[in-house]
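Asker: model this:
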Amino acid sequence: MIQYKNLSLFLMAFLFLLSMKSSNSSFYDFEVKDIDGKAFSMAQLKGKKVMVVNVASKCGYTPQYADLQKLYSMYGGKKFEIIAFPANNFMKQEPGTDAEIKEFCTGNYQVTFLMMSKLSVKGDDMAPIYKWLTQEELNGVMDSSVKWNFQKYLINENGVLEKVMSPATNPMDPEILNWIEGKK
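Answerer: Below you'll find the model as predicted:
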C-alpha cells in the first residue's frame with residue numbers, strides 16, 4: 001500500500017512537471033492591436049514565416065524601413081509576413097502616436113507590411129508578445145533581450161521562434177533571405 005502511494009505521488013509529480021514543460025504558449029495565441037486600433041490575431045499567420053521587428057522613427061536604424069519594405073515586396077504574401085511594432089523604449093526614439101507613426105511610415109517609406117500599435121518591448125510594462133519572444137519558459141526555445149530598435153525575431157511556419165537577429169542586421173541580409181527561402 002505504501003509503495004502504491006509513493007508511485008501515485010511520483011506519477012502525479014511527473015505529470016505536473018510534464019504539463020509545465022508543454023504549457024508553453026504559442027505565437028498564435030496572441031492578439032494585438034494594429035496601427036489603426038483593430039484587433040489582430042497572430043493565428044491568422046499560421047503557415048507563414050514571420051519576421052517580428054520593433055521599430056522607431058527617430059533611430060539611426062530607421063532607414064531599415066526601406067529594406068523591410070523591399071523584403072516584403074519580394075517575399076510578402078502567402079508564405080511570409082513582416083510585423084512591425086513601434087516602441088519607445090530606447091532613448092525615446094518613437095515618441096509619436098499611432099496615427100503619426102503610420103503617416104511617417106507610409107509617407108516616407110511606403111510601408112505596406114503589417115504595422116501594429118505602439119507597445120513596450122522591455123521593462124515592467126513589456127507587452128505579452130514580447131515576453132513570449134524573449135523568455136524561453138514561454139516560447140520553449142531561447143531567452144533573449146531586445147537590445148535596441150530594429151531587432152528581428154524570426155518565427156517559422158509552425159509558430160516556433162527560430163532566430164533572433166541583431167538590430168544592426170539589415171533586413172536584406174543573406175541569412176534572412178536564405179531563411180525565408182528555406183535554404184541553410
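Asker: contacts, neighbours, all on C-alpha from now
Answerer: Will do.
Asker: Who are the contact partners of the residue sitting nearest the centre point of the chain?
Answerer: Note on the chain: the residue nearest the mean C-alpha position is Val52, at 3.7 Å, using CA atoms, centre = their mean. Val52 is in contact with 82-85, 152-155, counting by CA atoms under 8 Å, 6 or more residues apart in numbering.
Asker: If we use 10 Å, what do you get?
Answerer: 81-85, 114, 130, 133, 150-155, 164 (CA atoms under 10 Å, 6 or more residues apart in numbering).
Asker: tell me the SS of Val52?
Answerer: Three-state call for Val52 (DSSP: H, G, I helix; E, B strand; the rest coil): strand.
Asker: Give the bridge partners for it, please.
Answerer: Ile83, Tyr153 (DSSP bridges).
Asker: Where do the helices of this protein begin and end?
Answerer: 2-21, 64-75, 98-109, 128-134, 136-139, 174-181 (DSSP state H).
Asker: between these, which gets the lowest average pLDDT?
Answerer: When these are compared on mean pLDDT, helix 2-21 scores lowest, with a mean of 51.
Asker: farthest-separated two in the contacts of Val52?
Answerer: Taking CA to CA as the measure, the contacts of Val52 span a maximum distance of 19.1 Å, between Leu114 and Val164.
Asker: out of these two, which sits in the busier spot?
Answerer: Using other CA atoms under 10 Å as the criterion, Leu114 and Val164 rank with Val164 on top: 21 against 15.
Asker: what's the nearest residue to Phe90 if we skip its chain neighbours?
Answerer: Nearest residue to Phe90 in three dimensions, chain neighbours excluded: Trp148, at 6.4 Å (CA to CA, 6 or more residues apart in numbering).
Asker: For that neighbour, give me its contacts.
Answerer: Contact analysis of Trp148 by CA under 10 Å, 6+ apart lists 54-56, 59, 61, 87, 89-91, 121-122, 166-168.
Asker: For PyMOL, what selects the buried ones among the residues you listed?
Answerer: Of the contacts of Trp148, the buried ones can be selected in PyMOL as follows, counting by 16 or more other CA atoms under 10 Å:
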select buried, resi 54+55+56+59+61+87+89+121+122+167
